[in-house]
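Student: whatever this is, show me its structure:
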Amino acid sequence: MMWLLWQLVSYVVVAIVLMLLSNTLNTPLYFWHYMAVFGIQTLLFIMMFVYKGWLGNYLQKSIDNADLVREQALNEMYILASDSILPDIHANAPISLQAIHKRYESQLKLASLQRLLQKEVDAGRLILDQYQIEAEILPPEFADDELTPYANEMIYKSLVAYS
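Tutor: Prediction:
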């Protein structure tokens, strides 16, 4: 409803500007001049309103696609990690997030490691000893910065016996 109020306010502002312009330039503006200006203004408003809806749908679709791609990448990363990284982590547990990060020579971001290990925690194969940080709500660039101070205190203990 706010959009309608702003449209009405803009009609009043345009009418005042047209009257001031007419008085300043001493040019008579007829009724059809006003109607033409308000008609064009209404068309622009309708186009903006339609475009706003289209843009909202487009952005939501883009967000949904990005979420789907991120989830697929995480699932693929988890499949690869379950064959290579996770058995090593279980064998060397208890181990901190920072130690895991250094062990793999910083090939994975802290946020990615935390997400992989969080899947193991959710599955009941690992226990996070101290800090539970919801890094998945942040973009990866910011999540790494937020995780860095806590990475040494985030100790993961395995519930799976690997030899």
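Student: SS state for Leu108?
Tutor: Secondary structure for Leu108, judged by DSSP: H, G, I helix; E, B strand; the rest coil, is coil.
Student: over to Lys157?
Tutor: strand.
Student: correct me, but it touches Ala93?
Tutor: Yes: when contacts are counted by C-beta atoms under 8 Å, Lys157 is listed as touching Ala93 (5.4 Å). C-betas here are computed from N, CA, C, even on glycine.
Student: common neighbours of these two, please.
Tutor: Leu126 (C-beta atoms under 8 Å, 6 or more residues apart in numbering).
Student: out of those two, which sits in the more crowded spot?
Tutor: Ala93 (18 against 12; other C-beta atoms under 10 Å).
Student: low-confidence ranges, this protein, go.
Tutor: For the chain, the stretches with pLDDT under 70 are 1, 106, 129-146, 161-163.
Student: give the next helix or strand downstream of the longest helix along it.
Tutor: Taking DSSP state H as the criterion, the chain has its longest helix at helix 31-83. Reading on from helix 31-83 to the C-terminus, the next helix or strand found by DSSP states H and E is helix 85-91.
Student: now for that next one, which elements pack on it?
Tutor: helix 97-103, helix 110-123, strand 155-158 (3 or more C-beta pairs under 8 Å, 6 or more residues apart in numbering; DSSP states H and E).
Student: now it: buried residues?
Tutor: 85-86, 89-90 (16 or more other C-beta atoms under 10 Å).
Student: I'd like the residues you listed laid out as CSV, including distance to Gln118.
Tutor: Below are these laid out as CSV (distance: C-beta to C-beta, whole Å):
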residue, distance to Gln118
Ile85, 14
Leu86, 12
Ile89, 13
His90, 15
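Student: now the residue of the chain most remote from its centre. Its backbone dihedrals?
Tutor: Here the chain reaches farthest from its C-alpha mean at Asn26, the gap being 54.3 Å by C-alpha atoms, centre = their mean. Taking degrees, to the nearest 10, you get phi 50, psi 40 for the backbone angles of Asn26.
Student: let's have the chain start at 24 instead
Tutor: I'll keep to 24 as the first residue from here, and by that count the last item is Asn49.
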